[in-house]
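[1] Provide a 3D model corresponding to the input given below.
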Amino acid sequence: MADNPRLIPHRANNARAAVVLVHGFSGKADTTWGRFPDLLMAEKALSGWDVFSIGYSTSLSFDIAGVWSADPAIVTLGGLIESVSDVPPIDGYESIAFLAHSMGGLLVQRALLSNDALRKRVSHLLLFGTPSAGLEKASPFNFWKRQIRDMAAGSPFITKLRGDWTTTIGTTPPFTFVTVAGDRDEFVPRTSSIEPFPEPRRRVAYGNHLEIVKPPDADHLGYKIAVKALTGGGTVGGAQDSARLAVESRHFQDAINTLWPNRADLDDKSLVTLALALEAVGRQGDAIDMLMKANPRGTDPIGVLAGRLKRRWLVEHRRSDAEQALSLYGQALQQAETKVDRAQAYYHAINCAFMELAYGSDVSACRTYAQRALAHAAQATDDVWRRATEGEANLYLGNAAAAGDSYRSALALSPEPWQATSIYQQAFRAADLVGEEDLAAQLKAMFSGAPATT
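    The predicted structure follows:
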């Protein structure tokens, strides 16, 4: 097949987010990924994403640099990724998810490290069989192919790439990052593909170097890893939510870039903004540590700290987290009631109700707090959070029908994707706690079918 580097638009509907597939050494934009683009476009949860493939010059033929022609060096191809991303149609996307195979992952890493503006637009980076630490095996092509020389372990290109990654990105990338190894990949071993990165970022898929990106169907493990990463584990509130969440993730990162350097001197509002942004990009521990050091006194940041501790307790089950969360919610509730701040009061009351039941197994205390939450909500401004709170309070009070009505009315107000996700997760936990299996099933159907807003 003749070398024909180009950008292939598999789906170009002027969406806000795009998946961009990048092939590897000697690969092609139209063949390397097999059915991957078609499967992505058929995935309901990814209907809000456009899909492209980027091609570039790479082949097994010998380079005859300075005489006839030669495939570009990897650093040059990194510049190509930057250029393609900076002109139509890719420049029009607020968020980009790069899926890169083999050497293509080196191109993308180089582009992100060299271009701050592009890095800020990237919501996801998935590497499949990428030799991030270089290739140890000697090759008869080393002398004749500059791309293979660049990929060699210890080469100037690889050494600089890893050093720049450590300095610029480190262990907490500002985007969702997953690196995948093939369990039978003898070309790029796991020592090069996944071990340069922290364990939480690593995945292993069935197949050799090529099979990991050639899914025959949607049950292919490499494909399922990609879908889970792109959707954050699933969608709530409509098929387009994963794309919208990707766009929002870039806004959260912008907030972090602005506020994190001054975290020791922030006011309450900025503390809350930064803490929520940190959690949204997976930095829950940093959010908790920051709030602890800030020793917040306002009801809003106290509640945010309590919420972060509650969420960590739900995963790690630390007694100290649960007890501190309940104490903080109670403290903030008293302050909010003293100030007659109805919205803050119902927020803290309903969280006290949840913690009393989920952690303390105290049904009576839970219902007392639920009644207080309802009383404050009845006098508060009508919005998504008020309706959700009324739904949860009615669940604890045994009024399943009223709870369902409240959640439906919350959805009717077209919550943002992150709001819908938060409401659904808490509603499902509450329904499970009180044994309302039928309502839990209704909630799942209700939120999964919610219309996406623009």
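
[2] List the contacts of the residue nearest the centre of the chain.
    Centroid-nearest residue in the chain: T176, 4.7 Å away (criterion: C-alpha atoms, centre = their mean). For T176, the contact set (C-beta atoms under 8 Å, 6 or more residues apart in numbering) comprises 123-125, 229, 232, 249, 282. All C-beta atoms are positioned from the backbone trio N, CA, C, and that covers glycine.

[3] Could you check how far it is from S422?
    According to C-beta to C-beta, to the nearest Å, T176 stands 18 Å off from S422.

[4] Repeat that for A100.
    Applying C-beta to C-beta, the value for A100 to S422 is 32 Å.

[5] domains for this protein, by residue range?
    7-231, 260-448 (automatic domain parsing).

[6] mind putting the ones you listed in JSON lines, mean pLDDT and distance to D254 included?
    Shown next, in JSON lines, are the domains of the chain (pLDDT from 0 to 100; distance: least, C-beta to C-beta, whole Å):
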{"stretch": "domain 7-231", "mean pLDDT": "90", "distance to D254": "7"}
{"stretch": "domain 260-448", "mean pLDDT": "93", "distance to D254": "8"}
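
[7] okay, those domains in TSV with distance to S242 next?
    Putting the domains of the chain into TSV (distance: least, C-beta to C-beta, whole Å) gives the following:
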stretch	distance to S242
domain 7-231	4
domain 260-448	8
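
[8] Which one, of those domains, ends up nearest to L245?
    L245 lies closest to domain 260-448 among these, at 5.1 Å (C-beta to C-beta).

[9] The stretch 51-200 of the chain: strands as residue ranges?
    In the stretch 51-200 of the chain, the strands defined using DSSP state E, counting those that start in this stretch lie at 95-101, 122-128, 176-182.

[10] Which one, of the ones you listed, ends up nearest to Q324?
    strand 176-182 (29.3 Å).

[11] by how many degrees do that closest one and strand 95-101 diverge?
    Put simply, strand 176-182 runs at 10 degrees to strand 95-101, going by axes from the mean of the first three to the mean of the last three C-alpha atoms, to 10 degrees.

[12] by how many degrees do strand 176-182 and strand 122-128 diverge?
    Orientation of strand 176-182 against strand 122-128 (the same axes, to 10 degrees) gives an angle of 10 degrees.

[13] Check the offset of strand 176-182 from the chain's centre.
    13 Å (C-alpha atoms, centre = their mean, to the nearest Å).

[14] For it, list the C-alpha coordinates in PDB.
    In PDB, the C-alpha atoms belonging to strand 176-182 read as follows (Å, rounded to 0.1, in the frame of the first residue of the first chain):
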ATOM      1  CA  THR A 176      -7.300  10.800  32.100                       C
ATOM      2  CA  PHE A 177      -4.300   8.700  31.300                       C
ATOM      3  CA  VAL A 178      -4.200   4.900  30.700                       C
ATOM      4  CA  THR A 179      -1.400   2.800  29.200                       C
ATOM      5  CA  VAL A 180      -2.100  -0.700  27.800                       C
ATOM      6  CA  ALA A 181       0.200  -3.600  27.200                       C
ATOM      7  CA  GLY A 182      -0.600  -6.700  25.200                       C
END
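
[15] Make residue 1 into 334 and carry on from there
    Shifting the count to begin at 334 puts that one at strand 509-515.

[16] what comes up buried for it?
    509-515 (16 or more other C-beta atoms under 10 Å).

[17] Please apply the same query to stretch 663-676.
    663-666, 668-670, 674-676.

[18] same deal with stretch 406-422?
    In terms of neighbour count (16+ other C-beta under 10 Å), stretch 406-422 has its buried residues at 406-415, 417-418.

[19] Now distance to R577 too, for those, in CSV please.
    Listed next are the buried residues of stretch 406-422 as CSV, based on distance: C-beta to C-beta, whole Å:
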residue, distance to R577
A406, 38
I407, 34
V408, 34
T409, 35
L410, 31
G411, 29
G412, 31
L413, 29
I414, 25
E415, 26
V417, 24
S418, 20
